[in-house]
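>>> just coords:
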């Protein structure tokens, strides 16, 4: 196979272990940073990265693309789904890892710091701080009580002297406003 650039090396079907291994080597660093920016926890991001590659490996025969951008998009869609499942159930299932006999990677403190630096969390924190500052005082207070303090909606409502449905609505509106503001700024910037 002739290639014009390093990215063109991904213009194959990913079905052979050597092809998938090369795909892993090209994508692992960027995908890990992408996931760290989403979950803001190195260990969880490493686990999600491993789960993403395990799922990709198990479903590699379903990949129908023929180019590096298609393979990249396919992998990141798997990663996004893994992150969504993590947030829904608050822990990562290890089903695919067990099926292929892998353990989730771990990082030393030094490795974790390198990964955190690579993910540029300082910039992300600044974006979040700015976005929170743009919320109404009511939304900020509701988010602080519910998200930061992790209080149940009943307590949030009591502290804000509003009904529970109103507390839920304020939190939902605040989260939506943050998502609308932050999504463009945290979309992965590929290395």
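Cool, the structure landed. In this text, all values refer to a predicted model and were calculated from it rather than measured experimentally.
>>> Helices of the chain, start to end?
Using DSSP state H, the helices of the chain run over 17-39, 42-58, 68-89, 95-100, 109-118, 121-133, 137-143, 153-160, 164-186.
>>> mean pLDDT lowest for which of those?
Per-stretch mean pLDDT for the helices of the chain is lowest at helix 95-100 (a mean of 63).
>>> from memory residue 151 sits against residue 159, does it?
Yes - Residue 151 is in contact with residue 159 according to CB atoms under 8 Å; the separation is 7.5 Å. Where C-beta positions appear, they are placed from N, C-alpha and C, glycine not excepted.
>>> Overlap in contacts, these two.
Common contacts of residue 151 and residue 159 (CB atoms under 8 Å, 6 or more residues apart in numbering): residue 145.
>>> hmm, back to that, quick one, which of the helices of the chain is packed in tightest?
Of the helices of the chain, the one with the most neighbours on average (mean count of other CB atoms under 10 Å) is helix 42-58, at a mean of 22.
>>> ok, now how distant is residue 107 from residue 30?
Using CB to CB, to the nearest Å, we find residue 107 at a distance of 17 Å from residue 30.
>>> and if you look at residue 24?
Counting by CB to CB, the separation of residue 24 from residue 30 is 12 Å.
>>> try residue 137
Residue 137 sits 38 Å away from residue 30, going by CB to CB.
>>> Model confidence score at the residue sitting furthest away from the middle of the chain, please.
The outermost residue of the chain, judged against the average C-alpha position, is residue 161 (35.0 Å), by CA atoms, centre = their mean. Residue 161 is assigned a pLDDT of 94 by the prediction.
>>> For it, give me phi and psi.
Backbone geometry at residue 161, expressed as degrees, to the nearest 10, gives phi 60, psi 50.
>>> mind listing what residue 138 touches?
160, 170.
>>> now it: how far from residue 149?
Distance, residue 138 to residue 149, using CB to CB: 16 Å.
>>> for residue 126, same thing?
Here residue 126 is placed at a distance of 22 Å from residue 149 (CB to CB).
>>> same question, residue 107
29 Å.
>>> So which of those two has more stuff around it?
residue 107 (16 against 11; other CB atoms under 10 Å).
>>> This protein - how does it break down into domains?
6-118, 121-186 (automatic domain parsing).
>>> Tell me who's in contact with the closest residue to residue 181 other than its chain neighbours.
Excluding the flanking residues, the one nearest residue 181 by CB to CB, 6 or more residues apart in numbering is residue 131, at 4.2 Å. If a contact means CB under 8 Å, 6+ apart, then residue 131 has 177, 178, 181, 182 as its contacts.
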